[in-house]
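**Student:** Quick check, what structure comes out for this input:
(one chain, ligands or ions: 1)
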Amino acid sequence: MATRLLYPTSRPRGKSLRDAVAGQVVLLTGASHGIGKASARKLAAAGATLLLVARSREDLEVVAAELRADGGTVHIYPTDLSDFAAVERLAGDLLAEHGHIDIVINNAGKSIRRSIDKSYDRFHDFTRTMDVNYLGPVRLLLTLLPDMRERRSGHIVNISTWGLRMPPAPRWSAYYASKGAFDCWLRSVAAEIATDDVTTTSIYMPLVHTRMSAPTDFSGVPGLTADEAADLVCHAVTSRPHEITPWWTGPIQAWSDLARGSAHRFMGRAFRKGKA
Ligand SMILES: NC(=O)c1ccc[n+]([C@@H]2O[C@H](COP(=O)([O-])OP(=O)(O)OC[C@H]3O[C@@H](n4cnc5c(N)ncnc54)[C@H](OP(=O)(O)O)[C@@H]3O)[C@@H](O)[C@H]2O)c1
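**Tutor:** Numbering: from 1, shown residues only. Sure thing, here's the model as predicted:
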């Protein structure tokens, strides 16, 4: 019940999702686990032609076999988003093999939760998160965007994070900086490409119980299942809102702006308890 109140998901009816994606070429990164895998199931069932990206070929093949068994049209492209030359090749191959991409869902991501005092000798935490969460997706879109703009058609969905809409949470500096970098990049680009009818949706995704969030003790914190998170992705694809944000981040951010000291103390106490 608490989860429903905190995270009312918008489940698109089968028909409207089918209207939005049947026959459309949908590129989905991070499709082998969690939110991406759950989204792939719904999009394939609705008739999309799915192009799935993740590093592990084996994991992608498992997902593709399941979707094909249910009648889905699926192609897999094992690629490491932090290998920029491989990402450039991937984008070229996708256009060569499929002609165009209708919808890009930027979902692949790397999360690191580590306090700054444990990070002094770990500069690589910051470069790795920037590579996967920011620079890789930028490299991909730099090749895909010209075609979308020329065709005057396309939609880009970014799986961002609720953390960007909340008072700064301790221990997540590498992750939030990298997610924030791509979030800012896409929102700036969105203002330019809107004139060419290419639209974007930023989903400020709340906590989702997946492989990514499992190492952190979020016990007692209500969150979405991967399937519920995938409903938000389907809502983004169907209705194309500019953003999807949990309703309660607005009041919390307003409180933080008004009483920055107490917001920082609250986050600091949560940090000491290991909740943030
Ligand atoms: N879970 C949450 O609470 C939460 C909250 C807010 C936002 N998000 C965001 O939601 C997205 C999906 O997260 P999730 O919870 O579903 O995580 P997940 O279960 O760990 O899945 C992450 C996916 O990204 C792929 N991936 C990771 N590194 C990659 C790389 N270098 N190149 C290509 N693919 C890569 C993984 O496959 P391989 O390992 O095979 O590459 C996997 O398919 C992420 O962008 C995350 O930041 C999650």
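**Student:** How about residue 51, nearest residue that isn't a chain neighbour?
**Tutor:** Nearest in space to residue 51, with sequence neighbours left out and distances taken as Cβ to Cβ, 6 or more residues apart in numbering, is residue 27 at 4.6 Å. No exception for glycine: its C-beta is placed from N, CA and C like everyone else's.
**Student:** What helix or strand is that neighbour located in?
**Tutor:** Counting by DSSP states H and E, the element that carries residue 27 is strand 25-29.
**Student:** what pLDDT, on average, does that strand get?
**Tutor:** Mean per-residue pLDDT for strand 25-29: 99.
**Student:** Also stretch 148-166?
**Tutor:** Averaged over stretch 148-166, pLDDT sits at 97.
**Student:** partners of the residue nearest to the spatial centre of the chain in the sheet?
**Tutor:** Among the residues of the chain, residue 159 comes closest to the average C-alpha position under Cα atoms, centre = their mean, at 2.1 Å. Beta bridges link residue 159 to residue 203 when assigned by DSSP bridges.
**Student:** And for the helix or strand following the strand holding residue 27, what's in contact with it?
**Tutor:** Next helix or strand after strand 25-29 toward the C-terminus (DSSP H and E): helix 34-45. The contact list for helix 34-45, computed with Cβ atoms under 8 Å, 6 or more residues apart in numbering, reads 17, 21, 26, 28-31, 50, 52, 54, 63, 66-67, 70, 72-74, 105, 107-108, 159, 205, 208, 210-212, 225-227, 229-231, 233-234, 237.
**Student:** Next: stretch 51-68.
**Tutor:** Here stretch 51-68 makes contact (Cβ under 8 Å, 6+ apart) with 25-33, 36-37, 40-41, 44, 50, 74-81, 90, 94, 98, 101, 108.
**Student:** Those also near the ligand: which ones?
**Tutor:** 29-33, 36, 80-81, 108 (Cβ under 6 Å from any ligand atom).
**Student:** For residue 249, which residues are in contact?
**Tutor:** 162, 165-166, 204.
**Student:** how near is the residue nearest to the centre of the chain to the ligand?
**Tutor:** Distance, residue 159 to the ligand, using Cβ to the nearest ligand atom, to the nearest Å: 4 Å.
**Student:** Repeat that for residue 42.
**Tutor:** According to Cβ to the nearest ligand atom, residue 42 and the ligand sit 14 Å apart.
**Student:** One more: residue 38?
**Tutor:** For residue 38, the distance to the ligand equals 8 Å [Cβ to the nearest ligand atom].
**Student:** again, but for residue 63
**Tutor:** Distance from residue 63 to the ligand, counting by Cβ to the nearest ligand atom: 9 Å.
**Student:** Check residue 253 too.
**Tutor:** As judged by Cβ to the nearest ligand atom, residue 253 and the ligand stand 16 Å apart.
**Student:** cool, and residue 35?
**Tutor:** 4 Å.
**Student:** for residue 243, same thing?
**Tutor:** From residue 243 across to the ligand, the span is 14 Å (Cβ to the nearest ligand atom).
**Student:** if I pick the residue nearest to residue 51, what's in contact with it?
**Tutor:** Taking Cβ under 8 Å, 6+ apart, one finds 51, 53, 94, 101, 103-105, 144 in contact with residue 27.
**Student:** can you pull up the bridge partners for it?
**Tutor:** As for beta bridges, residue 27 partners with residue 51, residue 104 under DSSP bridges.
**Student:** now it: how far from the ligand?
**Tutor:** For residue 27, the distance to the ligand equals 12 Å [Cβ to the nearest ligand atom].
**Student:** Same check on residue 140?
**Tutor:** 10 Å.
**Student:** helix, strand or coil for that residue?
**Tutor:** helix (DSSP: H, G, I helix; E, B strand; the rest coil).
**Student:** Residue numbers of the protein in contact with the ligand?
**Tutor:** So the chain meets the ligand at 29-36, 54-56, 59, 80-82, 107-111, 132, 159, 161, 205, 207-208, 210-213 (Cβ under 6 Å from any ligand atom).
**Student:** Buried subset of those as a ChimeraX selection?
**Tutor:** This is the ChimeraX syntax for the buried subset of the residues of the chain next to the ligand, where burial follows 16 or more other Cβ atoms under 10 Å:
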select :29,30,31,32,33,34,35,36,54,55,59,80,81,82,107,108,109,110,111,132,159,161,205,207,208,210,212,213
